[in-house]
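Visitor: Sequence and computational prediction follow.
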Amino acid sequence: MQISEQNDDQKRAHLYPKGVSGHPAGRESKAARVARRDAIMAQWAEPFGGLASLRAAELELLRIAAELSMCRPRNAEDRVRHVNAIARVMAQLGFTDRGRRRAESDGPSPFDHLGIVDP
């Protein structure tokens, strides 16, 4: 026969009262999250003239990439998806070598010997 009630010495002591988070620092405030996102955006855009040099659509893409970099993926598959999405946005903005548009040529083109002239 089981006893349905527990004695006081059998009860497990709880460290935190009911309804209080166990995280000592608590949840990050919205202002702190926005400040962290803006710092990431400024750091990424600094080598390319800063945030002021970006157009509105580019700024929004950078904002989305920064938000994506701040969240925690649930598993390895999500982590790969996040990294690939951020890489595509960075390439689209021209922040990586793969997507950077070259304003001036770095030397002769491999097609120069064919005699094709760009219009």
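Guide: That came through, no problem. Predicted model, so just to flag it, every value in this text is computed and none were measured.

Visitor: Tell me where the chain is predicted with low confidence.
Guide: 1-4, 6-16, 19, 21-22, 98-119 (pLDDT under 70).

Visitor: quick one: the helices in it?
Guide: Here the chain has its helices, by DSSP state H, at 30-45, 56-70, 76-93.

Visitor: any idea how far Met90 is from Phe48?
Guide: Distance, Phe48 to Met90, using Cβ to Cβ, to the nearest Å: 11 Å. (C-beta placed from N, C-alpha, C; glycine too.)

Visitor: quick one: which of those two has more around it?
Guide: Legend: neighbour count by other Cβ atoms under 10 Å for Phe48 and Met90, higher for Met90 (18 against 14).

Visitor: And the helices of the chain: which comes nearest Val20?
Guide: helix 30-45 (20.1 Å; Cβ to Cβ).

Visitor: re earlier: rebuild the helices of the chain as CSV, extending it with distance to Pro24.
Guide: As requested, the helices of the chain are exported to CSV (distance: least, Cβ to Cβ, whole Å):
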stretch, distance to Pro24
helix 30-45, 16
helix 56-70, 21
helix 76-93, 27
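
Visitor: And those: which comes nearest His23?
Guide: Closest among the helices of the chain, using Cβ to Cβ: helix 30-45, at 14.1 Å.

Visitor: ok and that closest one relative to helix 76-93, angle-wise?
Guide: 60 degrees (axes from the mean of the first three to the mean of the last three Cα atoms, to 10 degrees).

Visitor: ok so, going back, who wins for proximity to Pro17 among the helices of the chain?
Guide: Among the helices of the chain, helix 30-45 sits nearest to Pro17 (Cβ to Cβ), with 25.0 Å.

Visitor: Quick check: buried residues in the closest one?
Guide: Residues of helix 30-45 classed as buried by neighbour count (16 or more other Cβ atoms under 10 Å): Arg37, Ile40, Met41, Trp44, Ala45.

Visitor: One more: stretch 89-96?
Guide: Val89, Met90, Gln92, Leu93, Phe95.

Visitor: For the residue nearest to the fourth one when sequence neighbours are not counted, give its distance to Ala45.
Guide: With Cβ to Cβ, 6 or more residues apart in numbering as the measure, Glu58 is the residue that lies nearest to Leu93, at 5.5 Å, once sequence neighbours are left out. According to Cβ to Cβ, Glu58 and Ala45 sit 9 Å apart.
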